[in-house]
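*Asks:* Got a sequence here, can you model it:
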Amino acid sequence: MLSSCCIDFYQLPITQQLLGDSFHPGGLTLTHQLALQTLINRKSKVLDVAAGKCTSAHYLADNFGATTFVVDQGVANLQAAKAELNHDKIHILQGDATQLPFASESFDVVLCECALSTFNNREKALTEIYRVLKPRGFIAISDVFLNEPMPTDLHNRLSQWLCIRGALNSKRSQEIIEFGGFRQLRFKDVSAQLLETIHDIEAKLTAPNPQLSALIACELSRQQTDWQHGIASRLAKFIYNGGAGYYTITARKPA
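*Replies:* I've put the predicted structure just below:
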């Protein structure tokens, strides 16, 4: 599903410190918007692919009453989520987006937040998502797009955390959904959410925080931490100038 490096660093404590529990720009506010657009309700059966610590699953169960299944390859995150699980509407499985362990036409909605760009085989994952969706079921995606080649000095841990380096451009991001057989596609540019995340990370890195400094020293090598010095501002400028951005897409499997 994810490249091995992505699986590893999304399980680091420093990732949660910098990105928060949701691991994606826009957080649960954006999850809420996707839920409304895909008509999630207490009768819905939802699959969250690459679910991280299952934050979105809890939100959908608590606020919409949806029965939610989550799939991820990160063992540590799933173990932590299972240890804290106290909800009969949430079901946690380890699995791969390219080989989903579910019968065809099982779900009303499949959610994939800030993960599709990190998959080794996007097309195969979309084929599997299409398979497990019921007719007229929805796919709901939030992810990064990259419209220009990223400058070499931005090839760093921060851009990798934010899924930017492997992203497609905005047009291609929509095309692969349509080529996957989905219809009624709705694309929305929400790049402001990505900029807000970067500014938040920059604020955390520049504020005195012994705990965060200790995590950086413990978990990242000197080469990996070079991005701390002004890199967030340069990345934000690249996004503001249209080089990269963030989107949501909802689309539907035909009847």
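
*Asks:* Output the below-cut-off pLDDT ranges for the stretch 151-255 of the chain.
*Replies:* Flagging of the stretch 151-255 of the chain using pLDDT under 70 yields the residue ranges 154-165, 204-230.

*Asks:* Which of the three states applies to the closest residue in space to Gln174 that isn't next to it in sequence?
*Replies:* Among residues not flanking Gln174 along the chain, Phe187 sits closest, at 5.4 Å (C-beta to C-beta, 6 or more residues apart in numbering). (Glycine included, C-beta is placed from N, CA and C.) Here Phe187 is recorded as strand under DSSP: H, G, I helix; E, B strand; the rest coil.

*Asks:* Could you check how far Phe187 is from Lys89?
*Replies:* Per C-beta to C-beta, to the nearest Å, Phe187 is found 30 Å from Lys89.

*Asks:* As a check, name the ranges of all strands in the protein.
*Replies:* Along the chain, counting by DSSP state E, strands occupy 45-49, 67-72, 90-94, 107-113, 133-146, 183-189, 244-252.

*Asks:* Out of those, which gets nearest to His199?
*Replies:* With C-beta to C-beta as the measure, strand 244-252 is the member of those nearest His199 (13.4 Å).

*Asks:* Neighbours of Lys89, how many?
*Replies:* Residues contacting Lys89 under the criterion other C-beta atoms under 10 Å number 18.

*Asks:* The residue nearest to it when sequence neighbours are not counted - how many residues pack around it?
*Replies:* Distances taken as C-beta to C-beta, 6+ apart put Ala61 closest to Lys89, at 4.3 Å, once the chain neighbours are dropped. Ala61 has 19 neighbouring residues, counting by other C-beta under 10 Å.
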